[in-house]
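Participant: heads up, no residue letters with this:
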């Protein structure tokens, strides 16, 4: 009888452990089927990433529509090449979409904000966004003010 | 003159002899513990009888440690929530308290504090128990009966610690995050949606939670290895049991903290 209650206690203990792992996976790390959501790849070149990194958010009108999947240097143009995975259900981005690197809050994470243009044609897998705006570089901005290049 | 010279030579020789003996003793104890670990790990009897021995040990080592783990996890999470809130409110980003609490617990405090508590709560008990078995010659009488004490006594305890420690660490982290939520959301009024969504966007399952779990597995092995080896290898006197129990806690804590630095450097250091 003692042996049986011990086994029950150990079983409950292991179940609690598994429940805690599931809690960590789903609630804390947000592991959902969303991460395996079907997506297509779109590229964009920026002069300055300013801290945008892999797993960064890609948003349209503030709604997350994808994520940054790779960041690399384009050796020919000396600019940064960003590979983005856009969810397949967002399939009507026009080819003249503008991609801008913005900051969430004053010191928050960098993310890519898309704003759709007026073109009839839409971006397909492997296409490149040409119209881009780099991250706002605060050091450069202050430098420009300090050296008097900008009239206030 | 001659006798002074000779006694000086004796003391030098004696010093060299003692140093050599200590070095040999030390390396033989390291070698013994390595062989002991191999034999104990491979010695788990997978019969029904062996598994019920294992269940009893998991009950003693894991289930009975649950209360201290839950209570300390809850309070550590609450303290993290309170401290983080007070710092982050200065920058107007108190929503980030969720991500701070979760990352701190999952990556560092969960495995490390659980291992330290585990060494104090379960490791010392294992050492004292096995040590008393050795001092009262229960282990040698088992050998006389043809029962291998490594398989019957040591292996279930080692495996129990190895299995329980990661489970305890996961429970610790979860309860801690819950405690952090209690303080920051329910008491200090951080917006609940931002609390969870900030946490979810910054915590990665494989990078943070699985790496924390790997840490806990390593710490579990090291802590229970040290505990059972100190118990098996002690000088079988009442003083020896006291020394071995102290050594268990000291060695476990030091190895957990230094291994934690190593593992962190490997997992999160190289960007």
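Facilitator: Yep, it's here. What you see is a predicted model, and the numbers here were worked out from it, not measured in a lab.
Participant: how about the residues of the stretch 1-150 of chain B that lie near chain A?
Facilitator: Taking CB under 8 Å from any CB of the partner chain as the contact definition, the stretch 1-150 of chain B meets chain A at B:52, B:55, B:56, B:58, B:59, B:62, B:63, B:66, B:91, B:93, B:102, B:106. (C-beta placed from N, C-alpha, C; glycine too.)
Participant: 10 Å - rerun?
Facilitator: Within reach of chain A by CB under 10 Å from any CB of the partner chain, the stretch 1-150 of chain B has these residues: B:51-52, B:54-60, B:62-66, B:70, B:91-93, B:95-96, B:98-99, B:101-103, B:105-106, B:110.
Participant: Quick one: the helices in the chain, in order.
Facilitator: No chain in the question, so chain A it is. All helices of chain A, identified by DSSP state H, fall at A:2-23, A:138-146.
Participant: ah, no, chain B please
Facilitator: For chain B, the helices defined by DSSP H occupy B:2-42, B:48-61, B:66-88, B:97-103, B:110-118, B:124-135, B:138-144, B:149, B:155-181, B:192-202, B:211-232, B:238-264.
Participant: now these as TSV including mean neighbour count, distance to residue A:92 and mean pLDDT?
Facilitator: Listed next are these as TSV, based on neighbours: other CB atoms under 10 Å in any protein chain shown; distance: least, CB to CB, whole Å; pLDDT from 0 to 100:
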stretch	mean neighbour count	distance to residue A:92	mean pLDDT
helix B:2-42	11	58	86
helix B:48-61	19	56	86
helix B:66-88	19	39	94
helix B:97-103	26	33	90
helix B:110-118	26	44	95
helix B:124-135	21	64	93
helix B:138-144	14	75	90
helix B:149	19	72	85
helix B:155-181	27	39	93
helix B:192-202	18	26	82
helix B:211-232	24	39	93
helix B:238-264	16	45	94
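Participant: so how many other residues sit close to the nearest residue to residue B:82 once chain neighbours are set aside?
Facilitator: Using CB to CB, 6 or more residues apart in numbering or on different chains and skipping residues adjacent in sequence, the residue nearest residue B:82 is residue B:183, 5.3 Å away. When counting by other CB atoms under 10 Å in any protein chain shown, one arrives at 21 neighbours for residue B:183.
Participant: what does the one 3 residues further on give?
Facilitator: Look at residue B:186: counted by other CB under 10 Å, it has 11 neighbours.
Participant: Ok, residue B:148 next?
Facilitator: Residue B:148: 14 surrounding residues under other CB under 10 Å.
Participant: Next, work out how far apart the nearest residue to it once chain neighbours are set aside and chain A are.
Facilitator: Among residues not flanking residue B:148 along the chain, residue B:43 sits closest, at 7.1 Å (CB to CB, 6+ apart). Counting by CB to the nearest CB, to the nearest Å, the gap from residue B:43 to chain A is 20 Å.
Participant: ok, now how distant is residue B:241 from residue B:254?
Facilitator: For residue B:241, the distance to residue B:254 equals 21 Å [CB to CB, to the nearest Å].
Participant: before we move on, the earlier item: quick one, which of the helices of chain B gets closest to residue A:61.
Facilitator: Nearest to residue A:61, of all the helices of chain B, is helix B:192-202, at 17.4 Å by CB to CB.
Participant: Which strands or helices does that closest one pack on?
Facilitator: helix B:97-103, helix B:155-181 (3 or more CB pairs under 10 Å, 6 or more residues apart in numbering or on different chains; DSSP states H and E).
Participant: Distance from the chain centre to it, please.
Facilitator: Relative to its chain's centre, helix B:192-202 lies at 31 Å (CA atoms, centre = their mean, to the nearest Å).
Participant: quick one, it and helix B:155-181 angle?
Facilitator: Helix B:192-202 runs at 130 degrees relative to helix B:155-181, counting by axes from the mean of the first three to the mean of the last three CA atoms, to 10 degrees.
Participant: right, and residue B:181 touches residue B:78 too?
Facilitator: Yes: with contacts counted by CB atoms under 10 Å, residue B:181 reaches residue B:78, the gap being 9.4 Å.
Participant: Return the set of buried residues in stretch A:76-84.
Facilitator: Buried residues in stretch A:76-84, counted by 16 or more other CB atoms under 10 Å in any protein chain shown: A:79, A:80, A:81, A:82, A:84.
Participant: In contact with the residue nearest to residue B:148, which residues?
Facilitator: B:50, B:148, B:149, B:150, B:151, B:152, B:154, B:155, B:156, B:158, B:159 (CB atoms under 10 Å, 6 or more residues apart in numbering or on different chains).
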